[in-house]
Structure formats: C-alpha cells, structure tokens
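> After the sequence you'll find the predicted model.
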Amino acid sequence: MTKSTKEPPLTAAFLSEYSDTVEDLPLELRRNYTLIRQLDDNAEELMYQVEKETMLITTSGKELSPEERKKRLEHISNLLKEVINKGEEKYALAKSTYDSVDRHCTKLDNDLERIEAEQQLLEPTHRMYEHAQYESIKPSHGESRRGRKKKTNEEDYSSDDLQKEISFSNMPIDPNEPRYCYCQRVSFGEMVACDNPGCEIEWFHYECVGYT
C-alpha cells in the first residue's frame, strides 16, 4: 500500500499564501534601501554645505558684519536640522524594514507550529485509515488455516507418501499376486473397497483415488 504524495489542502494553501507574501518582500526592501541611500546622499550634501559655510565664517573673520555672520550661522543651523531630519527618516525606514522582515519570520514560525500541531492531530486518524484498509484486504482466519492445512498436506505427501512409494516399488513382486486399482499394482498400504457389487477391481489404493 503506497502513501499519497499529494499535499494536504492546509499546507498547500499556506505555501501559496506565504509565497505571494514573500514575493512582495524583496520589492519593499529594495524600495526602502533605495530611499535610505538617497537620504544618505542628501545628508552628505547638507554636511558638505555646513562645512563650506563654517569654513567661510572662519576664514572671513572680521570681514563679516555681525548681521551677515548671524545670517550664516542661522543657515548652518538650518542645514544641521535638515541633516537631523534626514537621519530620523533614515532610522524610520531602517526600523520599518527590520519590522517587516521580523513580521514575516514570526508569521512563518507561527504558521509552521500550527501546521505541525494539526498534523499531529491528524496522524491517529491516518493510522486508523491505514488499519481499516489493511483489515479489508488481509485474508480471514479460516482462509489462513485452510492455506496452512493445504501446505501441510502437500509437505506430508512429499515426505511420508513418497517414502512409502519408494519402499513399495523396491519390494519384490510375486507374479501370481493379484492386481488391484487403476494402476494394476499389488496391494500395499491403505486401500478402500468399491461399493459397487459389479466392480471388477474391488480395491483401490488411497493415493490413486485421492484419499489422504
């Protein structure tokens, strides 16, 4: 009896659903990584401007008026705020990416545990089904006994009766001794008489008439 290789409906549905979900994951990750790279580039450009403005204030020294100096410092402050904002956006995207992957992994673990639990519940039912199939095709007690009995009779004949035939065939035969049975041999072993009064043979060997 061969076991079916067809997937259970629950497992097949789970694989289909999870496959569809995971297929979208690389697209989401690629989009987030692209945005993070853009934020990095923007932050680097802003820091370059901060360094440039800082260098200008440092080298200009007293040449800048207090108002011009204050204006440039405010500009540097605004640039640094933008850098901080870009960093916060980058952190949010990185956390969102991590949470998305972690959510998929957690869902996979939970679904696998649920499937394993349901398979353990279905296992006794599967064994009962296999047992019922076995009971429906196995031979009955009577058939088994008849089969063994037939084999025993064949074995008995192949050993004991064959030895009897060999021993009787080796015995010296008196030409005047009467012949019996279909085989027209002398009397030996167990024989059965014919019930028909008109029977000329009268006696038959057990083996010739099929008696055991």
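Sure thing, it's come through.

> Which elements pack onto the longest helix along the chain?
If each helix of the chain is counted by residues according to DSSP state H, the longest one is helix 66-137. Helix 66-137 sits against helix 9-60, with contacts defined as 3 or more Cβ pairs under 8 Å, 6 or more residues apart in numbering; DSSP states H and E. Glycine gets a C-beta too; all of them are placed from N, C-alpha and C.

> Got the domain ranges for the protein?
Residue ranges for the domains of the chain, per automatic domain parsing: 9-137, 172-212.

> Quick check: which ranges of this structure have low pLDDT?
Along the chain, the model assigns pLDDT under 70 to residues 1-22, 122-175, 212.

> rewinding a little: dump the domains of the chain to JSON lines, plus mean neighbour count.
As requested, the domains of the chain are arranged in JSON lines below (neighbours: other Cβ atoms under 10 Å):
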{"stretch": "domain 9-137", "mean neighbour count": "12"}
{"stretch": "domain 172-212", "mean neighbour count": "12"}
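
> picking that back up, report the angle between the axes of the longest helix of the chain and helix 9-60?
170 degrees (axes from the mean of the first three to the mean of the last three Cα atoms, to 10 degrees).

> Let me see the contact set for the residue lying closest to residue 73 once chain neighbours are set aside.
Excluding its sequence neighbours, the residue lying closest to residue 73 (Cβ to Cβ, 6 or more residues apart in numbering) is residue 57, at 7.1 Å. Neighbouring residues of residue 57 by Cβ atoms under 8 Å, 6 or more residues apart in numbering: 64, 69, 72-73, 76.

> let's see 7 Å
64, 69, 72 (Cβ atoms under 7 Å, 6 or more residues apart in numbering).

> what's the answer for residue 40, then?
Counted by Cβ under 7 Å, 6+ apart, residue 40 has contacts residue 90.

> Tell me how far it lies from residue 62.
Counting by Cβ to Cβ, to the nearest Å, the gap from residue 40 to residue 62 is 37 Å.

> Also residue 48?
Separation of residue 48 from residue 62 (Cβ to Cβ): 26 Å.

> for residue 41, same thing?
From residue 41 to residue 62 the distance is 36 Å (Cβ to Cβ).

> got it, and residue 71?
The gap separating residue 71 from residue 62 is 16 Å, by Cβ to Cβ.

> can you check residue 191 too?
149 Å.

> Now do the contacts for the nearest residue to residue 94 once chain neighbours are set aside.
Distances taken as Cβ to Cβ, 6+ apart put residue 36 closest to residue 94, at 6.4 Å, once the chain neighbours are dropped. Applying Cβ under 7 Å, 6+ apart to residue 36 gives the contacts 90, 93-94.
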